[in-house]
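Asks: Build me a model:
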Amino acid sequence: MFEILMLIAVSLYFAQLIIISIGAKRKFIKLPDIDLPKISIIVAARNEESNILRCMEALNASIYDRDKIEVIIVNDSSSDKTGEIIEKFIADKPMFRTIIPEQGRGSLQGKANAIHRAIEVSTGDVILTTDADCAVKPTWAKTIASYFTENVAFVGGFTRQLDHRPFYGMQDIDFIALLTVASGTINLGTTLSCIGNNMAYRKDCYNAVGGYERIEYTVTEDFQLLMALDSLKGYKIIYPMNSASIVTSVPCKNIKELYWQKKRWGVGGLKSGLSGYLVVGLAFLASLSLILTPLFYSGVSLYLALFKITCDLFFLLPVYSELKIKFNLVNFLAFVVYFNLYVVFLPILVFFSKRIEWKERTYNS
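Replies: Residues are numbered from 1 along each chain as shown. Sure, this is the predicted structure:
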């Protein structure tokens, strides 16, 4: 009986991966350089003294017409040297400016408040966001902006992690896997998720949905904004897979930090709707089957467990090739353990508690 249920779960999971892969490979029309829009890049920084300089140096190397680009660094109530580092770096760089946001209230809290305040003073037609612990490619802004043809409201991008050891590498693979799911589902017309450190949207569309001031506050403000933009009539949400628009972020340094990151995403995912529950549900059943294999061991169950792992491998390999990232097998093996465990146990943790600790702040969703 266990083998039959496992066969059904893994087969459905395999079919889901094929469908997602088809969507993720979709290509989109791009604007010529002469038609690129004026853009505002926004970075919200809170106690990022160890990361913010790397972030600003990468943004300063952006290949973009200097008359069409501005970078707004938001010093979000930092108590370390973040503000000093920002001021020193941007002193002789007119493309940059910094603001200290006023205190948030209502829906405007935390990062959502910081970004909203920056958008209020921005001059670009398209808003790009990344995080203070990220480094963008010189081609990032140009590539993301080039997808804003006439009816595109939102463009998502891929983020990877520094991966020089297995604990970091498994997070890198997890990021790529999750964002491939986001890309594939969005490009097939089902909006499920995005990542705030690599996304962009039209400013007039942001204003049309009322911005973060009108959107219900959650700890995954990027997802809430995505869903609001998706409700606009006559506009498209797209998620192209392009190596030129990759952002590299700093991975969680320890289990505690990683736990809160995953729980924050899990709580945010509760608002993803029926399609989101279906995608997560099939992954849950397939991973649960793999975890239970030692308890119901047989030749068939072992074969199906190996098939599930192989599905994940061949789902990821073409993505890494398309994004021009070297695939590390050791990191993948660490990912197999990590991914299958959290896919099973994270929903249980979220069910019993929705409290989140993030960036030295506590949230109760």
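
Asks: which residues in the protein form helices?
Replies: 2-24, 52-60, 82-90, 110-121, 140-146, 166-187, 203-208, 211-214, 221-230, 255-269, 273-292, 299-322, 329-352 (DSSP state H).

Asks: Is it possible to get the ones you listed out as a markdown table so that each row also shows distance to Arg66, mean neighbour count and mean pLDDT?
Replies: Glycine gets a C-beta too; all of them are placed from N, C-alpha and C. Putting the helices of the chain into a markdown table (distance: least, Cβ to Cβ, whole Å; neighbours: other Cβ atoms under 10 Å; pLDDT from 0 to 100) gives the following:
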| stretch | distance to Arg66 | mean neighbour count | mean pLDDT |
| --- | --- | --- | --- |
| helix 2-24 | 33 | 18 | 93 |
| helix 52-60 | 11 | 19 | 98 |
| helix 82-90 | 14 | 18 | 96 |
| helix 110-121 | 19 | 22 | 93 |
| helix 140-146 | 12 | 24 | 98 |
| helix 166-187 | 30 | 22 | 96 |
| helix 203-208 | 19 | 16 | 97 |
| helix 211-214 | 27 | 19 | 90 |
| helix 221-230 | 28 | 22 | 92 |
| helix 255-269 | 35 | 17 | 86 |
| helix 273-292 | 40 | 18 | 90 |
| helix 299-322 | 31 | 16 | 93 |
| helix 329-352 | 38 | 16 | 92 |
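
Asks: Go through those helices and name the closest to Asn197.
Replies: Asn197 sits nearest to helix 221-230 of all the helices of the chain, at 8.4 Å, using Cβ to Cβ.

Asks: related to what we said a few turns ago, now the helices of the chain as a markdown table including distance to Phe158?
Replies: Shown next, in a markdown table, are the helices of the chain (distance: least, Cβ to Cβ, whole Å):
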| stretch | distance to Phe158 |
| --- | --- |
| helix 2-24 | 10 |
| helix 52-60 | 16 |
| helix 82-90 | 26 |
| helix 110-121 | 20 |
| helix 140-146 | 11 |
| helix 166-187 | 5 |
| helix 203-208 | 22 |
| helix 211-214 | 24 |
| helix 221-230 | 14 |
| helix 255-269 | 16 |
| helix 273-292 | 18 |
| helix 299-322 | 8 |
| helix 329-352 | 16 |
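
Asks: how close does the residue lying closest to Ile186 once chain neighbours are set aside get to Lys68?
Replies: Leaving aside its sequence neighbours, Ile186 sits nearest to Tyr239 (Cβ to Cβ, 6 or more residues apart in numbering; 4.3 Å). In this view, Tyr239 and Lys68 are 24 Å apart by Cβ to Cβ, to the nearest Å.

Asks: Repeat that for Ser146.
Replies: Counting by Cβ to Cβ, the gap from Ser146 to Lys68 is 12 Å.

Asks: now swap in Lys253 and tell me
Replies: Distance check for Lys253 against Lys68: by Cβ to Cβ, it reads 37 Å.

Asks: Of these two, which one has the most company?
Replies: Between Lys253 and Lys68, counted using other Cβ atoms under 10 Å, the more crowded position is Lys68 (16 against 10).

Asks: list the contacts for Met170?
Replies: Residues in contact with Met170, defined by Cβ atoms under 8 Å, 6 or more residues apart in numbering, are 331, 334-335, 337-339.

Asks: okay, these in JSON lines with distance to Ile100 next?
Replies: Below are those laid out as JSON lines (distance: Cβ to Cβ, whole Å):
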{"residue": "Asn331", "distance to Ile100": "39"}
{"residue": "Ala334", "distance to Ile100": "40"}
{"residue": "Phe335", "distance to Ile100": "39"}
{"residue": "Val337", "distance to Ile100": "43"}
{"residue": "Tyr338", "distance to Ile100": "38"}
{"residue": "Phe339", "distance to Ile100": "39"}
